[in-house]
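Engineer: let's see this in three dimensions:
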Amino acid sequence: MPTLYRIALNSPPDDWDFSSQRARGEPGPEDDDLAVALWTGVSVWATETQARNKARDFPYLGPYIARLDLPEGPTIPRARTLGSAGHHTVWSTPANLHGCVRQTVNV
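Structural biologist: This next block holds a predicted model:
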């Protein structure tokens, strides 16, 4: 079972914490397929330390880290994305991601 970490504004995380930029109504890219894919997904990190470091560098992302234990297989698609160490993107609904939360800790 893959474990990934999401920086969150709330504990426990709410739907906003698991919403993509697209779902939040943020303007999207037009001509770059990778940028569109990232806009429709949710950023997560491979380790708690990576998420913690990112949250400390960018406090506006949130003061909590949610540990997500994702199901095996393609149920929740995920991919290694961007150049930041450990950055991944997952594509799922907030409800599905809520079901994967096993723990939420303070940054």
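
Engineer: can you list the neighbours in contact with stretch 48-68?
Structural biologist: 3-13, 17, 44-45, 84-87, 90, 97, 100-107 (C-beta atoms under 8 Å, 6 or more residues apart in numbering). C-beta: built from backbone N, CA, C; applies to glycine.

Engineer: what residues of that stretch count as buried?
Structural biologist: Within stretch 48-68, the residues scored as buried using 16 or more other C-beta atoms under 10 Å are 48, 50-55, 61-62, 64-68.

Engineer: mind listing the strands in the chain by residue range?
Structural biologist: Along the chain, counting by DSSP state E, strands occupy 3-8, 42-45, 64-69, 78-80, 87-90, 101-106.

Engineer: to residue 25, which of those strands lies closest?
Structural biologist: strand 42-45 (15.0 Å; C-beta to C-beta).

Engineer: just checking, what packs against the closest one?
Structural biologist: Judged by 3 or more C-beta pairs under 8 Å, 6 or more residues apart in numbering; DSSP states H and E, the packing partners of strand 42-45 are strand 3-8, helix 48-57, strand 87-90.

Engineer: so for residue 32, which of the ones you listed sits nearest?
Structural biologist: Among those, strand 87-90 comes nearest to residue 32, with 14.3 Å by C-beta to C-beta.
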